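A.B. asks: what shape does this take:
(one chain, ligands or ions: 1)
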Amino acid sequence: MSNLSGQKIIVGVTGGIAAYKSCELIRRLADRGALVKVVMTPGAEAFVTPLTFQALSGSPVHTDLLDPEAEAGMGHIELARWADKIVIAPATANFLARLSQGRAEDLLSTVCLAAKADISVAPSMNQAMWINAATQKNLSLIEQLGINIVGPDSGDQACGDIGLGRMTEPMKIIAALELDSASNPLTGKKVVITAGPTLEALDPVRYLSNHSSGKMGYAIAMASVRAGAETVLVSGPVNLDCPLGVKRIEVTSCAEMQSAAMAEAAKADVFIATAAVADYRPEQASPQKIKKHGNEMAIKLVRNPDILAKVAALGDHLFCVGFAAESEKLIENASKKLISKNLNLIVANDISDQSIGFGSDENAVTLIGPDFELELGKSHKRLIARKILEVIGEEITK
Ligand code: PMT
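C.D. replies: Prediction:
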């Protein structure tokens, strides 16, 4: 039986072409025994009629902020109190902007503002709108509010473009809702994550580093908080806000990352190393800006400590997960790291495909444990993060 059975779920439908997929979502939620009420924005009514959703949910559809039929004329409050969960699918760029600002100018945004229920959104929009900095800023604010973002997927779009922005398929949205409702083995555990690049100083103005954006590590931190874990993020310099509920320790060099990670991991249950740590650092960082001398310059580099291997050596109390960014022989090279660093799990990341891995919103990885391999196809880093934590949860309860 689905853990959504008996749950009171508001499906919010906003005005995007993917509104037709909400019909399938509502049907499948009802199949699972969920009690569904539908709230539509005026824009949504241009795509699907309220009658369709009424027939599928078996309940009148709500469209008006000022509802004379509601007992005290305050339908938004009654709906907000009723819901265990709210899922907005599709969520347009416009609606996400309203949600991020806490606006209350239509019934759906007002219900979201008044509700204590868990809120999930399944964004749906043209790919250019999705990558627009304004949309990404709104999404980051929404994440800060603890709202769960499911998707979007990439592929052909109704407008003829190809890219990220398609609403995630209804069954994947339901899987995300079920995962959120599941009792989670990570609840109450301490999870420490390293993320982003390290910067190794050459002099006061120059450094060696790499292209890690921190997106993968931050997505894991968000998923970890949602799973109920005490979450610590040891982060190299990135341009991302700290997710709500996460303790972030900002570091710059490998040496700083190592000391913060070792201190936090000593009392942790799970350690996940997503950081792209510089393997080498300049032997000496000059205290003064290095001046130009001739046409060539040699810098002597020395090996940085392997943070993950050192943390893994802290003891068996810790479930240790590494990432392996590989441009060839993905599985073979990642499997070697699993053994050489004494890990419980390694996430193999094929960085020869530039649309995934460093800096991108999407990833495609293979999870390799001592006795299993699990391939996770190309998907948003948020979804990959959730799946990785699901697998860790299963492994630590074995
Ligand atoms: O940050 P994003 O832009 O979202 O990109 C994500 C990512 C591509 C950086 C991430 O998914 C990833 O693959 N991270 C590991 C990159 C890497 O440096 O792999 P590696 O094969 O060099 O190292 C293997 C493991 O050892 C990693 O878990 C790494 O964090 C850890 N390590 C490596 C060297 C070192 N000195 N200390 C470490 O802890």
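
A.B. asks: what number of residues lie near the closest residue to residue 159 other than its chain neighbours?
C.D. replies: Nearest residue to residue 159, sequence neighbours excluded (C-beta to C-beta, 6 or more residues apart in numbering): residue 126, at 5.4 Å. (Each C-beta comes from the backbone N, C-alpha and C, glycine too.) When neighbours are defined as other C-beta atoms under 10 Å, residue 126 has 20 of them.

A.B. asks: for residue 126, phi and psi?
C.D. replies: With angles defined as degrees, to the nearest 10, residue 126 sits at phi -60, psi 150.

A.B. asks: using the three-state scheme, assign the residue located most distally from the centre of the chain.
C.D. replies: The C-alpha centroid of the chain is most remote from residue 294, which lies 48.0 Å away (C-alpha atoms, centre = their mean). Of the three states, residue 294 takes coil under DSSP: H, G, I helix; E, B strand; the rest coil.

A.B. asks: pull the contacting residues for the residue nearest to residue 159.
C.D. replies: By C-beta atoms under 8 Å, 6 or more residues apart in numbering, the contact set of residue 126 is 157, 159, 161, 165.

A.B. asks: also residue 21?
C.D. replies: Counting by C-beta under 8 Å, 6+ apart, residue 21 has contacts 89-90, 167, 169-170.

A.B. asks: drop anything exposed from these.
C.D. replies: 89-90, 167, 170 (16 or more other C-beta atoms under 10 Å).

A.B. asks: in strands, which of the residues you listed fall?
C.D. replies: Counting by DSSP state E, the part of these found in strands is 89-90.

A.B. asks: grab the two from the buried ones among the contacts of residue 21 that are most spread out in space.
C.D. replies: Pairwise distances across the buried ones among the contacts of residue 21 (C-beta to C-beta) peak at 10.7 Å, for the pair 90 and 170.

A.B. asks: who touches both of these two?
C.D. replies: What both residue 90 and residue 170 touch, as defined by C-beta under 8 Å, 6+ apart, is the set 21-22.

A.B. asks: which residues in the stretch 151-300 of the chain form strands?
C.D. replies: Assigned by DSSP state E, counting those that start in this stretch, the strands in the stretch 151-300 of the chain fall at 153-156, 162-166, 190-195, 200-201, 207-208, 230-235, 246-250, 270-273, 280-282.

A.B. asks: mean neighbour count added to the ones you listed, as TSV?
C.D. replies: Formatted as TSV, these follow (neighbours: other C-beta atoms under 10 Å):
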stretch	mean neighbour count
strand 153-156	15
strand 162-166	20
strand 190-195	27
strand 200-201	20
strand 207-208	18
strand 230-235	26
strand 246-250	16
strand 270-273	28
strand 280-282	19
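
A.B. asks: among these, which is nearest residue 15?
C.D. replies: Among those, strand 162-166 sits nearest to residue 15 (C-beta to C-beta), with 15.0 Å.

A.B. asks: packing partners of that closest one?
C.D. replies: On a contact count with 3 or more C-beta pairs under 8 Å, 6 or more residues apart in numbering; DSSP states H and E, strand 162-166 meets helix 127-131, strand 153-156.

A.B. asks: for these, which one sits closest to residue 185?
C.D. replies: That would be, of these and by C-beta to C-beta, strand 153-156, which comes in at 27.6 Å.

A.B. asks: pull up the per-residue confidence for the residue nearest to residue 355 when sequence neighbours are not counted.
C.D. replies: Take residue 355 and drop its neighbours on the chain: the residue closest to it by C-beta to C-beta, 6+ apart is residue 362, 6.7 Å away. At residue 362, the model reports a pLDDT of 85.

A.B. asks: so residue 362 makes contact with residue 356?
C.D. replies: Yes: under the criterion of C-beta atoms under 8 Å, residue 362 makes contact with residue 356 at 5.3 Å.

A.B. asks: between those two, what contacts are shared?
C.D. replies: Both residue 362 and residue 356 are contacted by residue 378, under the criterion C-beta under 8 Å, 6+ apart.

A.B. asks: surely residue 38 is within a strand?
C.D. replies: Yes: according to three-state DSSP, residue 38 belongs to a strand.

A.B. asks: enumerate the beta-bridge partners assigned to the nearest residue to residue 193 once chain neighbours are set aside.
C.D. replies: Sequence neighbours aside, residue 272 is the residue nearest to residue 193 in space, at 4.7 Å (criterion: C-beta to C-beta, 6+ apart). Residue 272 has the following beta-bridge partners by DSSP bridges: residue 193, residue 321.

A.B. asks: and residue 272, what does it touch?
C.D. replies: When contacts are counted by C-beta under 8 Å, 6+ apart, residue 272 touches 191-194, 217, 220, 321, 388, 392.

A.B. asks: between those residues, which is nearest residue 28?
C.D. replies: residue 388 (25.1 Å).

A.B. asks: and the helix or strand hosting the closest one, how far from the chain's centre?
C.D. replies: If you go by DSSP states H and E, residue 388 is part of helix 381-396. Centroid displacement of helix 381-396 relative to its chain, using C-alpha atoms, centre = their mean, to the nearest Å, is 11 Å.

A.B. asks: ok, stretch 306-325 next?
C.D. replies: 22 Å.

A.B. asks: pull out the buried positions in that stretch.
C.D. replies: Residues 306-309, 311-312, 318-325 are the ones in stretch 306-325 that count as buried (16+ other C-beta under 10 Å).
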